[in-house]
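[1] Provided below for reference: sequence and predicted model.
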Amino acid sequence: MKYPVYLQLSGTENVYAVQGPDRFWECTRMGAQTLCHDVIATTWPERQRILDMVADDGPWERISGPSFRALWNGTPCGMTSPDTVALDVREHVELADHTTFGISAKARWFVAVTSVDELRAALDWAQERSLELLVLGGGSNMLLHGDVEALVIHVHIQGVEVVSDDGRHVRVAAGAGEVWHDFVMRTLDEGWGGLENLSLIPGSVGASPMQNIGAYGVEIRDHFAWLDAVRISDGALQRFTAEQCQFGYRESLFKRAERGKWILVQVAFDLDRKSPLRMGYGAIEQELQHIPEPNRTHRDVSDAVIRIRRSKLPDPAEIGNAGSFFKNPTVAASEAERLLAAHPTMPNYPQPGGDVKLAAGWLIEQAGWKGHRRETHGVHDRQALVLVHFGGATGKEVWALAQDIMKSVKEKFGVDLEPEVNQIGGA
Ligand SMILES: Cc1cc2nc3c(=O)[nH]c(=O)nc-3n(C[C@H](O)[C@H](O)[C@H](O)COP(=O)(O)OP(=O)(O)OC[C@H]3O[C@@H](n4cnc5c(N)ncnc54)[C@H](O)[C@@H]3O)c2cc1C
């Protein structure tokens, strides 16, 4: 079955848009008013109700999208009118400006989508032609190994809306296509605390749960409320809670069991006007020395994080990169002990489960790679974790450097490095 399925309850003006196996929009008439509810089924009887709705023998009749719209004259829940979807699919589109590495590669097909309906239409378009898909946000966490023989879907769904506000706590939902840093700045403008330590991370809101972005002691899972995603196979719109997302260190369900199956369209966060400031990580405290502690604000922490990041990380606008190319590896405690005996100054961070996290940047630097240059690309001279593109490199060449680094760290320390950056069309 393909979603949405539009229905009308026989003999009434009540219409329904079934969004997926566990979600529907119900639009009922109350006199001159139309009331719309976004119903998310969480129990078996609720799911059964949806099955009954889409079964052919019930009191619900299938209607077309335009008929649904004619009866329900509203556009809540981020939905555009079903009869106004116009896709602008382009061919052979250069992607260098769409990724922060800035490496040249062409998309066979490219489309930007600004709504769930456009996204569903794009999915149908690709399915009709049996095309592979590549979902693109800000392109700040991917290395393109070559031309992309697929439909590249650039998620450009925008909008920020307050879901609830009790005067202190705010739940705010943002479209997947919102720029992450702009969204963080907007929350701080409003006086909502929580995301300040995640300032200046490049990319989109929609990609932020993919790898549970984190920085300066905070990850998005700390403030995550829910996300909405569209299933690629049938267009179903589904809500995921934090638990369902299975967040881990730079990990989520969408990078593991459900990899390549969903496109995230909206993400909601729980923020707090009085949330405590987190200044214990990195040089934040030091950066804020000039402000007496009681006077410090979420904005001050954000400003400090921005200053630190600017001093440490290369700006993709000036030099191509995708931030940390490798994840910090986690090893068993016994393995960490063995390494510490040989390298007593090695940074190490014991984890709650007993394992120990190591600093990939330190391992790479000790293996002699910091500042390494191969004409068109290399390793950043201030941060060994960041691979950089000076111009003219291919994705394959950058990946060859990454592999050499992984091999050399394995030989020197016996530790396996894993890329944090998504390899598109390669490993
Ligand atoms: C200078 C620099 C610093 C960085 N610092 C950090 C940091 O401190 N912490 C951190 O965690 N990361 C950091 N990153 C990595 C990156 O910014 C994040 O991973 C970011 O969330 C990627 O967002 P994006 O929109 O650019 O994703 P993209 O690169 O466009 O996509 C990344 C992956 O997510 C998929 N994807 C994107 N959007 C969607 C969607 N809507 N639905 C489904 N799949 C989607 C893509 O297919 C791809 O597999 C840094 C990157 C740079 C360049």
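    Perfect, I can see it now.
[2] and the spatially closest residue to Arg168 that is not a sequence neighbour, how far is that from Arg309?
    Across the structure, with CB to CB, 6 or more residues apart in numbering as the measure, the residue nearest Arg168 apart from its sequence neighbours is Arg273 (5.2 Å). In this view, the C-beta of every residue, glycine as well, is placed from N, C-alpha and C. Arg273 sits 25 Å away from Arg309 when distances are taken as CB to CB, to the nearest Å.
[3] now do Leu143
    In this structure, Leu143 and Arg309 are separated by 21 Å, where distance is defined by CB to CB.
[4] what about these two, which has more around it?
    A count of neighbours by other CB atoms under 10 Å puts Leu143 above the other of Leu143 and Arg309, at 26 against 17.
[5] thinking that one is in contact with Gly425, fair?
    No. Shown here, Leu143 and Gly425 do not form a contact pair, counting by CB atoms under 8 Å, at 9.1 Å.
[6] where do the strands sit along the stretch 1-150 of the chain?
    For the stretch 1-150 of the chain, the strands defined by DSSP state E, counting those that start in this stretch occupy 5-9, 15-20, 23-30, 33-40, 60-62, 90-94, 106-113, 133-136, 142-144, 148-155.
[7] Buried deepest among the ones you listed, which one?
    Per-residue neighbour counts averaged over each of the strands of the stretch 1-150 of the chain give the maximum for strand 142-144, namely a mean of 27 (mean count of other CB atoms under 10 Å).
[8] what's that strand packed up against?
    Using 3 or more CB pairs under 8 Å, 6 or more residues apart in numbering; DSSP states H and E as the contact criterion, the elements in contact with strand 142-144 are helix 395-413, strand 422-424.
[9] Is that strand in proximity to the ligand?
    Yes. Counting by CB under 6 Å from any ligand atom, contacts between strand 142-144 and the ligand involve Met142.
[10] Pull up the pairing partners for that strand, direction included.
    Sheet partners assigned to strand 142-144 using DSSP bridges are listed as strand 422-424 (parallel).
[11] can you list the residues of the stretch 51-200 of the chain near the ligand?
    Taking CB under 6 Å from any ligand atom as the test, the list of the stretch 51-200 of the chain residues beside the ligand reads 100, 135-142, 155, 176.
[12] what's the closest of those to Ala283?
    When those are compared for distance to Ala283, the smallest value, 23.1 Å, is given by Ser140; criterion: CB to CB.
[13] Please tell me I have it right and the closest one contacts Pro316.
    Yes. Counting by CB under 8 Å, Pro316 is a contact partner of Ser140 at 6.8 Å.
[14] anything in contact with each of the two?
    When contacts are counted by CB atoms under 8 Å, 6 or more residues apart in numbering, the set common to Ser140 and Pro316 consists of 100, 202, 322.
[15] Start and end of stretch 30-50, how far apart?
    Start-to-end span of stretch 30-50 (CA to CA, to the nearest Å) is 22 Å.
[16] tell me the mean pLDDT over it?
    For stretch 30-50, the mean pLDDT works out to 88.
[17] roughly how far is that stretch from the heart of the chain?
    29 Å (CA atoms, centre = their mean, to the nearest Å).
[18] now swap in stretch 299-308 and tell me
    From the chain centre to the centre of stretch 299-308 is a distance of 22 Å (CA atoms, centre = their mean).
[19] now swap in stretch 308-318 and tell me
    Between the centre of stretch 308-318 and the centre of its host chain there is 21 Å, according to CA atoms, centre = their mean.
[20] So which bits of that stretch are buried?
    Residues of stretch 308-318 classed as buried: 308-309, 313-314, 316 (neighbour count, 16 or more other CB atoms under 10 Å).
[21] From the residues you listed, list the ones also adjacent to the ligand.
    Filtering these for proximity to the ligand by CB under 6 Å from any ligand atom leaves 313, 316.
[22] how about whichever residue of the stretch 51-200 of the chain sits closest to the ligand, what does it touch?
    Nearest to the ligand in the stretch 51-200 of the chain, going by CB to the nearest ligand atom, is Gly137, at a distance of 2.3 Å. Contact criterion CB under 8 Å, 6+ apart gives 154-155, 176-177, 203-204, 206-207 as the residues in contact with Gly137.
[23] For beta bridges, what are the partners of the nearest residue to it once chain neighbours are set aside?
    Leaving aside its chain neighbours, Gly137 sits nearest to Ser204 (3.5 Å; criterion: CB to CB, 6+ apart). Using DSSP bridges, the beta-bridge partners of Ser204 come out as Val179.
[24] Looks like Ser204 contacts Ala174 (just checking).
    No. Counting by CB under 8 Å, Ala174 is not a contact partner of Ser204; they are 9.4 Å apart.
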